[in-house]
Structure formats: C-alpha cells, structure tokens
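Visitor: Generate coordinates for the sequence data below:
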Amino acid sequence: MVGNDTLEDLVAKKLGIKTYLVTDNLIDHGKSSHDADFEGRLEDFLNYARTLPKIKD
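Guide: All right, here's what the predicted structure looks like:
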C-alpha cells in the first residue's frame, strides 16, 4: 500500500500488506498505531519501485 495518510493508508499493515508512507503532502492524524515499512518522498518511492522485480506477462 502506498499512500500519504497515516490513518487511512497505514491500517493496511493490519492485513499483512507492506506499506510505503509518502511524506509529500502528508496527512498526519497524530500518533498512529501502525508504523510504515518504508517511508520517503514520492521521488524516493519511484526509485524504490524501479528496484522491484519485473512481473512476467
């Protein structure tokens, strides 16, 4: 899950989904009970995504 909302996006971690918190235009609801697996600017996410394995057709 990639998102910028500490409440609505990071809750995906409860389902076992890896989370990436984008800090550009961050919507911070205060102390979240969920920590992001990864965190950075949108540009950082793009660089991270480019390192992921390709999906075969």
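Visitor: hey, let's count contacts and neighbours off CA atoms from now on
Guide: OK.
Visitor: List the neighbouring strands of whichever helix or strand Leu21 is part of plus their orientation.
Guide: Assigned by DSSP states H and E, Leu21 belongs to strand 20-22. Its sheet considered, strand 20-22 pairs with strand 2-3 (parallel), strand 38-40 (parallel) by DSSP bridges.
Visitor: avg pLDDT for the first one?
Guide: Right, the one you point to is strand 2-3. Per-region confidence: strand 2-3 scores 97 on mean pLDDT.
Visitor: Show me what the residue nearest the centre of the chain is bridged to.
Guide: Computing the C-alpha centroid of the chain and ranking residues by Cα atoms, centre = their mean puts Tyr20 first, at 1.5 Å. Beta-bridge partners of Tyr20, counted by DSSP bridges, are Val2, Phe38.
Visitor: Verify the stated contact: it with Glu39.
Guide: Yes - because the distance of 5.3 Å satisfies Cα atoms under 8 Å, Tyr20 is recorded as touching Glu39.
Visitor: Tell me which stretches of this structure form helices.
Guide: Taking DSSP state H, the helices of the chain run over residues 42-50.
Visitor: Tell me which residue lies farthest from the centre of it.
Guide: Within the chain, the residue lying farthest from the chain centre (Cα atoms, centre = their mean) is Asp57, at 25.4 Å.
Visitor: Model confidence at that residue, what's the number?
Guide: If you check Asp57, the pLDDT there is 76.
Visitor: Equivalent analysis for Leu42, please.
Guide: Leu42 is assigned a predicted lDDT (pLDDT) of 97.
Visitor: Then Leu21?
Guide: On pLDDT, Leu21 comes in at 96.
Visitor: show me the residues around it that make contact.
Guide: Counting by Cα atoms under 8 Å, 6 or more residues apart in numbering, Leu21 touches Val2, Gly3, Asn4, Asp5, Thr6, Asp9, Leu10, Ala36, Asp37, Phe38, Glu39, Gly40.
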